[in-house]
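Below: sequence and its predicted model.
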Amino acid sequence: MGLRHDFGVTFPLLVRGAPRMTAMSSHQSRRLDQSIREYRARSGLTQQQAADLAGMSVAWLRDLEQGRVAKPRLATLRRLALALGLAPEETAELERVVQHSESVGYDLWLRVLGPLAVRVDNRAVELGSVRQRLLLGMLALSPNTPVSRDELIEVVWEGKPPPTAVELLQTNVSRLRRRLASRQGDAQAGRVLTATQTGYQLSCTQQQLDVLLFRHLAAEGRQARQRGDLVGACEALRKAVELWEGDPAADLPVLRLHPAAVALGAERNAVVLEYAAVTAQAGRHGDAVPALREVVESDPLHEAAHAALMIALAGSGRQAAALTVFSELRKRLDDELGVAPGAELVEAHQRVLRQEVDRPAQVGTVTRAHRQLPRDIAEFTGRAAELRTLHDNLVEAHENSTATAVLSIVGMAGVGKTRLAVHLAHRLLASGQYGDQQLYVDLNGHADQPAADPGAVLASFLHLLGVPGEQVPRETTSRAALYRDRLHGKRALVLLDNAASEDQVLPLLPAGPTHLVLVTSRRALALDGAQLLPLDVPTPDEARALLAHFIGDRRVAKEETAARTVIDLCGRLPLAVALMAHRLQARPTWSIEDLAVRLRDAEHRTSELAAGTRRVRAAFDLSYRALSAESQRVFRLLGLHPGDDFTAWSVAALAGIEQAAAQRVLEGLVDEHLVSAVTGDRYRLHDLLRDYARDLVEEDEPGERAEAVARLLRWCLHASRAARRVLNPLDEVPAEQESEPGRIPRFGDTGAALSWLEAEHATLIAAVDVAIEHELWGVAWRQTAVLRAYLERRSDWPLWIATSHKGLMAARRDGDLRGEAWMLSDLGVAHGQCGNLEESVDHLTRSLEISRRVGDPFFAARSLNNLGVAVAMRGDQHAAITHLREALELDRRAGLSVLGGRVRNNLGHAHARLGEHDTALRYFREALDLADEAEDPRNYATVLHSFGAGLARLGRYDEAVPALRRALDIDRRNRFRSAQAEALETLGDTYWKAGEHGRAVECLEEAIAILDDLGHPHVENVRAVLKALVGDSGDQAATS
């Protein structure tokens, strides 16, 4: 193992199988060539016609359809998709198949819709332990979505995790990757099962996971139904339903009640009901009966499924069976819940009794239908996930309810709330729902004109509903009662756009289960029983599709990089993307890069985001002007806040107010969708809103801006100093004279300090640049110095070096020699960790010279210690020993007794490298006697690890193992992750030499898992060690 610095650590899917596990030949997964053939057949185009429209040769298209093109260019594929009239979701799926074929070149099929099962390279894979099955099952229930370590640990250990659960989880992930590996190696499995910042993710396609194939087939069925292709819709939905072979993860009871599994089951029920509706439309009622019976057996009180089953039975000639279903459910509802059947079930019963199943139900006589909806948006693209959520919410709202369904879409200005609501309304209307009445009103909740009065809106609605003017009541409450009466029994959809408050909406809500109300607002309204959908910006691909809709896919594909840049600079805000598309349409001589250049100027970006009389800033202005004076001031100041997100603590410092007041203001800004809540205590500004806030704050007095920035930067420095003090209590960064700026967080232990630093590190690093920009040189270099404890633990050497260079410049501008020496020392250590030994020695030598010049014995001893380590790493152990002994003598003469233990530890390593193991062990024992676990657990674990390694070198394995295991336990408790990996590597080597090969392999595997998670280059060295030790029999060794 390597030497340690005084405070540091040194480390010299293309699937050919079928979905059903029991019969791999049925339901063959579609490949790219098959998909293209089917899409072209659907379009009615010949190969020549499709090739001409897409601007390609017919020979190339023929090769693609025959599977002779391994990987088409994405731009070419998009042109072909446009020629074939594919929906954005279909195009995106083709792109995913192509992109996935690059990274996953082996056959993989996972089943979670039933008992969990896996096939790799057309062979069944045994997953082994229940924990690995739970781990894979949990990830498969949420594919292509990060699942946090905490949630995985909670499930895998069934709520009773051991203290080492994080490390054991890493080991299980590593073993699971090996089981998922093909015969070609484990690289592909590593891409399928990936580590994320907070956990793990199963990254796969519909060709690899039945959940995704189920959703894809369901979407195909819905699209076919919208086109009027009932045969195609029946076929796709039938395939989707037949993928299910039981409850999700049916063989894992722990997972069956997990929210992800329950939600997936509800998704399946919704698709079965869609299948029943389509088969009824197509006159094939009996096809859906088996699937419906499965639903009602699993959910005996599901009224919608029973109603659909009654219709299906009656439509297939089994009227008596249909009536039996009703009578049995009516008795069950009465016995178990004490309620009568709902409206939907009663209507189905009446249709069966009247033998009206073969023709649409007659809901009531409608004198005339008022279709008040605005036109559907021609350029509407994407939002498939949101539409699915809204549909699911609608199904849930109507199930077992006698109330009106209310769906509320909330989000920031320009995010596309109205477009989504109007599009959803038209989709529902096209599917035959809410055909009696559609009402629409813009409530002007965020407009230059006054907000609409609900009484006036009701008068307008009543007029449309046929009430003469003289019969409209004068009081709002009476108007609302008459409005509800006029809509009673009708299938009505009411769209209330741009609502300002609950008081404005409540009188406009009808009563009864046959209605739907869609509400859009920038505020989250407290409406009883409403289903809320917070609308975020679209995905990058959806935003690209929107841009391409306006200016053409060919133009976007020609300048793909510039187009993505424009989309990013628009913050993916649909209003901004649409306005930029209009500008490009109006200026055909502009390239997309020309527009990107204009938008890159952050100072004028919000001014550039305009087309004609429409401006993004105007939409923001309306929200901003509605705020109180205090909220306006805080919002403006947020434009000065560095980093991606912030807390009430930092905003309180920025604004010079109490933390409770900052929390109240931030929550108000969240309600107005000017700020987003990221987690329970963290907030974020959309990029364009940050630019807007910066524009606003520039109008404040320069002195006020400077004071706000200074308050925040000093808060950052003092708070991060408090966190560092917990991590490295014996290494205090020199303080400024100013007192602490208000309240700062208090950290009870290492875990709390690390968690805070992890959450705030982007802000703290950005604070260095802001301090330099404002010429607060002392703050800049001290902020850099206190960040070392965190950056070192992250093993982020390049960032540490880059930040330390800035700190060095600031210390020199500040004229602070101690600060310069501190920064040079940190740079020397960081370069040493990267293996840049010449730079390391150079910086540490200069740090030592300055320390001696200013007469600081502690810092001179510190520099000598670090210099000794760097020289040792360069290979000159005798020179290292000279430096280290001088450091020890200086520490002794000055009576510091601070560095003695660390220096002795490093002396031990230098002697060990010379082969003087008895001398090395003596130094390690002395260092251990001086170390204090309670005061500095990191140093204690370091020395204990050195002592254990020294014992192992002398062959004293029985003594070495307990010391190493205890060092590992301390590292785990205090989350010293790179130190854990080093201890595990040493422990694995010791176990192997002691003849305990199974334990050795387990330790090395766990070390590899940690280093993999950290992205540490040393992982390849450990892999090489493991391979050299066990060869190709690693699995057998691990279980021996």
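All right, it came through fine. Numbers count the residues shown, from 1 in each chain.

contacts, neighbours, all on C-alpha from now
Noted.

Which stretches in the stretch 451-600 of the chain count as strands?
Secondary structure of the stretch 451-600 of the chain (DSSP state E, counting those that start in this stretch): strands located at 492-499, 515-521, 531-534.

okay, the ones you listed in TSV with mean neighbour count, distance to residue 256 and mean pLDDT next?
Rendered in TSV, the data for the strands of the stretch 451-600 of the chain read as follows (neighbours: other Cα atoms under 10 Å; distance: least, Cα to Cα, whole Å; pLDDT from 0 to 100):
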stretch	mean neighbour count	distance to residue 256	mean pLDDT
strand 492-499	25	36	92
strand 515-521	25	32	93
strand 531-534	18	25	88
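
Just the helices from the stretch 801-950 of the chain, written as ranges.
If DSSP state H, counting those that start in this stretch is used as the criterion, the helices of the stretch 801-950 of the chain fall at 817-834, 837-854, 857-873, 877-893, 900-913, 917-930, 937-953.

Find the nearest non-adjacent residue to residue 937, please.
Excluding the flanking residues, the one nearest residue 937 by Cα to Cα, 6 or more residues apart in numbering is residue 970, at 6.9 Å.

Next: residue 124.
That would be residue 118: by Cα to Cα, 6+ apart, it lies 6.0 Å from residue 124.

Quickly list what the one you found is bridged to.
Judged by DSSP bridges, the bridge partners of residue 118 are residue 110.

rewinding a little: how many residues are close by the residue nearest to residue 937?
21 (other Cα atoms under 10 Å).

ok, now residue 176?
Applying other Cα under 10 Å, we find 21 residues neighbouring residue 176.

quick one: contacts for it?
Contacts for residue 176 (Cα atoms under 8 Å, 6 or more residues apart in numbering) come out as 127, 132, 136.

top of those residues by neighbour count?
Going by other Cα under 10 Å, residue 136 tops the contacts of residue 176 with 25 neighbours.

contacting residues for that one?
residue 176.

That one - that's part of a strand, no?
No: going by DSSP: H, G, I helix; E, B strand; the rest coil, the assignment for residue 136 is helix, not a strand.

Okay, it and residue 500: tell me how far apart.
Noted for residue 136: a distance of 45 Å to residue 500, by Cα to Cα, to the nearest Å.

Residue 673 too?
12 Å.

next one: residue 278
Using Cα to Cα, residue 278 is found at 39 Å from residue 500.

Just to check, residue 772 is in contact with residue 781?
No: with contacts counted by Cα atoms under 8 Å, residue 772 stays clear of residue 781, the gap being 9.0 Å.

Name the nearest residue to residue 80, sequence neighbours excluded.
Excluding the flanking residues, the one nearest residue 80 by Cα to Cα, 6+ apart is residue 54, at 5.0 Å.

now stretch 657-672: mean pLDDT?
Per-region confidence: stretch 657-672 scores 90 on mean pLDDT.

one step back: who touches the residue nearest to residue 937 in this structure?
937, 938, 941 are the contacts of residue 970 under Cα under 8 Å, 6+ apart.

Report the mean per-residue pLDDT for the helix or strand containing residue 295.
Using DSSP states H and E, residue 295 falls within helix 289-298. Across helix 289-298, the average pLDDT comes to 90.

Can you name the next helix or strand after it?
By DSSP H and E, the next helix or strand past helix 289-298 is helix 303-315.

my read: residue 693 touches residue 633, true?
No: counting by Cα under 8 Å, residue 693 stays clear of residue 633, with 9.8 Å between them.

Compare those two and say which is more crowded by neighbours.
Neighbours per residue (other Cα under 10 Å) separate residue 693 from residue 633, with residue 693 holding more: 23 against 16.

related to what we said a few turns ago, any chance you could list residues touching both of residue 673 and residue 500?
Contact criterion Cα under 8 Å, 6+ apart; residues shared by residue 673 and residue 500: 522, 523.

Enumerate every residue touching the residue nearest to residue 124.
Residue 118 sits in contact with 21, 108, 109, 110, 111, 124, 125, 126, where contact means Cα under 8 Å, 6+ apart.

please redo it, this time with the cut-off set to 6 Å
109, 110, 124, 125 (Cα atoms under 6 Å, 6 or more residues apart in numbering).

tell me the least confident of those?
Lowest pLDDT of those: residue 124, 80.

what is it paired to in the beta sheet?
Beta-bridge partners of residue 124, counted by DSSP bridges, are residue 119.

Residue 772 and residue 781: which has the busier surroundings?
Neighbours were counted for residue 772 and for residue 781 using other Cα under 10 Å; residue 781 has more, 30 against 19.

What lies in contact with the helix or strand harbouring that one?
For residue 781, the host element (DSSP H and E) is helix 777-794. For helix 777-794, the surrounding residues in contact (Cα under 6 Å, 6+ apart) are 717, 721, 768, 771, 807, 810, 811, 814.

cool, stretch 532-548 as well?
Defining contact as Cα under 6 Å, 6+ apart, one finds that stretch 532-548 is touched by 381, 382, 408, 409, 410, 411, 415, 572, 573, 581.

Tell me the one of these nearest residue 864?
residue 572 (52.7 Å; Cα to Cα).

so what's the closest one up against?
537, 543.

Next, give phi and psi for it.
Per-residue torsions, residue 572: phi 60, psi 20 (degrees, to the nearest 10).

can you count the residues close to the closest residue to residue 820 other than its chain neighbours?
Spatial nearest neighbour of residue 820, excluding adjacent residues (Cα to Cα, 6+ apart): residue 811 at 5.2 Å. Using other Cα under 10 Å, residue 811 has 24 neighbouring residues.
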